[in-house]
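>>> The following comprises the amino acid sequence and a computationally predicted model.
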Amino acid sequence: MKRTLFLFNPENDLALANGSPYFCAPESARVMKSDLSLLPLWYAEGKGTVWTDTLPEESEWLEMIASLNLNADWAESDSLPAHLLSDADLLLFPWGWSPACVDFFRKRGIAEQLLPDAAQIDLVRQLSHRSTSLSVLRELQQNSSLPFASFASGVK
C-alpha cells in the first residue's frame, strides 16, 4: 500500500522564482507555513501523513481536529519513522516543488528516487512562469468559446 506524505510549503513560489536549493523564505512566509502547516489535513486523500515542524500546543484544538475524521494523521518532522522516509512506495505531495523543496526532503532522508530531478524542476519553473499563463490565456481567447475568454480580453 502506498503511503502519502503531505507538506504545506506556501513559500514555494518565492523559492521557485529564486531557483536556489538554499533559499531562505522571508519571515512572513515562514510564519504562514508554521501557522497553517496542518492545512493538508483537509485535502489529504486516503490515509496520509501531514508533515509539520511543530504541532499546536492547544490540546482542545488537536482534539477537535481528531474528531473531524479527516482520514489523515500528522507527525512532527523529528518523529517521522526512518522506514517511511526511505520507502520506495512513498508518494510525496508538497504544496509545490522547487529546488529548495527538493533540498528540504533530501536533507531529511527522503529516498532520492522519490524526488524530482533538476530537469523536472526546471519544467515546473517554466510552466509556473507568468509568460506561460499569458500564452495559455491568449490561446484560450483566440480559440475558445468559454465565457471567461472575452472577459480577459484586456490582458496584454
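Perfect, I can see it now. Numbers count the residues shown, from 1 in each chain.

>>> Look up phi and psi at the closest residue to Trp51 other than its chain neighbours.
Of all residues not flanking Trp51 in the chain, Leu7 sits nearest, at 4.8 Å (CB to CB, 6 or more residues apart in numbering). Where C-beta positions appear, they are placed from N, C-alpha and C, glycine not excepted. Note on Leu7: backbone dihedrals following degrees, to the nearest 10 are phi -140, psi 130.

>>> Let me see the contact set for Leu7.
Shown in contact with Leu7 (CB atoms under 8 Å, 6 or more residues apart in numbering): 40, 50-51, 92-95, 101, 104.

>>> Likewise for Arg3?
By CB under 8 Å, 6+ apart, the contact list for Arg3 reads 47-49, 84, 87, 89-91.

>>> Scan the residues you listed and report the most crowded one.
When those are compared by neighbour count (other CB atoms under 10 Å), Gly48 ends up highest, at 22 neighbours.

>>> Wait, that residue touches Ala72, no?
Yes: the criterion here is CB atoms under 8 Å, and Gly48 meets it with Ala72 at 4.7 Å.

>>> wouldn't Thr4 be in contact with Asp87 here?
No: in this structure, Thr4 is not within contact of Asp87 by CB under 8 Å, at 10.8 Å.

>>> overlap in contacts of those two?
By CB under 8 Å, 6+ apart, no residue touches both Thr4 and Asp87.

>>> Need the pLDDT of Trp42.
For Trp42, the model assigns a pLDDT of 83.
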